[in-house]
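K.L.:
sequence unknown, structure follows:
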């Protein structure tokens, strides 16, 4: 896989953003300084636990168990922000979809990367993808994940229905064994500098910014539903709210075979990433120090660590061992357990995730990207625009324009959405009897 492009530092004006944030909260310096010290202590302990558990620390459940999980098990999934759900789709059906995808890319001129050996495809409307997105079990899982979210208070949120799943069209990969994959290092999707710059997105992390980081709830809906994740209109930047990102396995894939990696503690990684930009090591002190006395509060440095300028926009967060050393990402990015055709893997929209660089297996690793997305006003409006893209065979609104798939052999049609719930999820029906 080709090396990713080089990104630039944050512009000087970002120091003003830090000052604006600091002025927004009473006693900001005292609050975040106290929180910073506490977070460092917690990370030193928690990262050791994550590293020692490895893949076994990623929760696994069966599709048939979802309605009967204990509160403790659900709480674990929420805390870690990731889960493998087995047997969502029948193995044979999943393998059939894999065969359809292979046939599609062999018979049509398609966009993908790397150019010389395409494995990650800029394709959205294959019959296999349409069938998978509209499958009732897939949408049932999406609903289960969506309902992990809630308003912080008891008020009803307008135009929000967590029990009505919508579907976000994304791409797929057919990754070959033995190919180095460098395009997906540790990162967080769903907005970059917007996490600090947009007032609603920033509001998702208000408890962290007030120093009360232990009260941070990554599942609070109040600001999420209004957060703008694409202020700079960067291609491939989602403009919708996905509760969990995810993929459906169409092949067996085990650790070491090019699978997903996650940092399985979403609350702690959020707390650290959000206030990391406000601290600099004191002169002579190491950036790897866990001692709060080695750090100073700093509003002058424009850097938002892990955020990079890129073509008049921003990309990130992309934490690494230099920008975020206390996460110990070389030890804590754990691979998800082995999956089989029809299994699904999900990770909370704030979870740090990556793709293994090496694929040492013997079989192509094939997955379709299928997130969980609830009905909100912004999401519903997007799905209507996405429906028009589907009907005309062009890329969905969030993705770069390409030559389209309307004339491709095996392209999906509206008739391939076979379930009423699937039709609603894809924008073709208002209600389901």
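P.N.:
Thanks, I have the structure now. These figures come from a predicted structure and were not determined experimentally.

K.L.:
CA only for contacts and neighbour counts going forward, please
P.N.:
Will do.

K.L.:
which residues in the stretch 151-300 of the chain form strands?
P.N.:
Along the stretch 151-300 of the chain, counting by DSSP state E, counting those that start in this stretch, strands occupy 161-166, 172-175, 244-249, 260-262, 279-281, 295-297.

K.L.:
list of residues touching the first one?
P.N.:
Pointing back at strand 161-166 there. 139, 142-143, 146-147, 149, 372-376, 379-380, 383, 424-427 (CA atoms under 8 Å, 6 or more residues apart in numbering).

K.L.:
for stretch 393-404, buried residues please.
P.N.:
Neighbour counts over stretch 393-404 (16 or more other CA atoms under 10 Å) mark 393, 394, 395, 396, 397, 398, 399, 404 as buried.

K.L.:
an error on my part: the question was meant for stretch 207-217.
P.N.:
Residues of stretch 207-217 classed as buried by neighbour count (16+ other CA under 10 Å): 208, 209, 210, 211, 212, 213, 216, 217.

K.L.:
report the separation between the spatially closest residue to the fourth one that is not a sequence neighbour and residue 206.
P.N.:
It refers to residue 211. Leaving aside its sequence neighbours, residue 211 sits nearest to residue 31 (CA to CA, 6 or more residues apart in numbering; 4.1 Å). Computed as CA to CA, to the nearest Å, the residue 31 to residue 206 distance reads 12 Å.

K.L.:
between those two, who's got more neighbours?
P.N.:
Using other CA atoms under 10 Å as the criterion, residue 31 and residue 206 rank with residue 206 on top: 20 against 17.

K.L.:
and the strands of the stretch 151-300 of the chain: which comes nearest residue 45?
P.N.:
For residue 45, the closest of the strands of the stretch 151-300 of the chain is strand 260-262, at 17.7 Å, according to CA to CA.

K.L.:
the closest one pairs with which strands, and in what direction?
P.N.:
Using DSSP bridges, the strands paired with strand 260-262 are strand 334-335 (antiparallel), strand 353-355 (antiparallel).

K.L.:
state which helix of this structure is the longest.
P.N.:
helix 28-53 (DSSP state H).

K.L.:
helices along the stretch 101-250 of the chain, start to end?
P.N.:
127-133, 136-146, 194-197, 199-203, 206-209 (DSSP state H, counting those that start in this stretch).

K.L.:
residue contacts, residue 361?
P.N.:
177, 178, 253, 254, 256, 257.

K.L.:
what's the lowest-pLDDT member of these?
P.N.:
pLDDT across these is lowest for residue 178, at 86.

K.L.:
quick check: end-to-end length of stretch 17-30?
P.N.:
18 Å.

K.L.:
go on, stretch 155-168?
P.N.:
27 Å.

K.L.:
residues of that stretch that come out buried?
P.N.:
Neighbour-count burial for stretch 155-168 [16+ other CA under 10 Å]: 160, 162, 163, 164, 165, 166, 167, 168.

K.L.:
contacts only, for the closest residue to residue 221 other than its chain neighbours.
P.N.:
Excluding its sequence neighbours, the residue lying closest to residue 221 (CA to CA, 6+ apart) is residue 151, at 4.9 Å. Residues near residue 151 by CA under 8 Å, 6+ apart: 157, 220, 221, 222.

K.L.:
quick one: which of these is nearest residue 61?
P.N.:
Residue 61 has its nearest neighbour among the contacts of residue 151 in residue 220, at 23.8 Å by CA to CA.

K.L.:
the closest one reaches residue 148, doesn't it?
P.N.:
No - the criterion here is CA atoms under 8 Å, and residue 220 misses it with residue 148 at 9.3 Å.

K.L.:
what's the burial count for the residue nearest to residue 354 when sequence neighbours are not counted?
P.N.:
Nearest non-adjacent residue to residue 354, counting by CA to CA, 6+ apart: residue 186, 4.4 Å away. Residue 186: 22 surrounding residues under other CA under 10 Å.

K.L.:
residue 186: what's it in contact with?
P.N.:
For residue 186, the contact set (CA under 8 Å, 6+ apart) comprises 318, 319, 320, 333, 352, 353, 354, 355.
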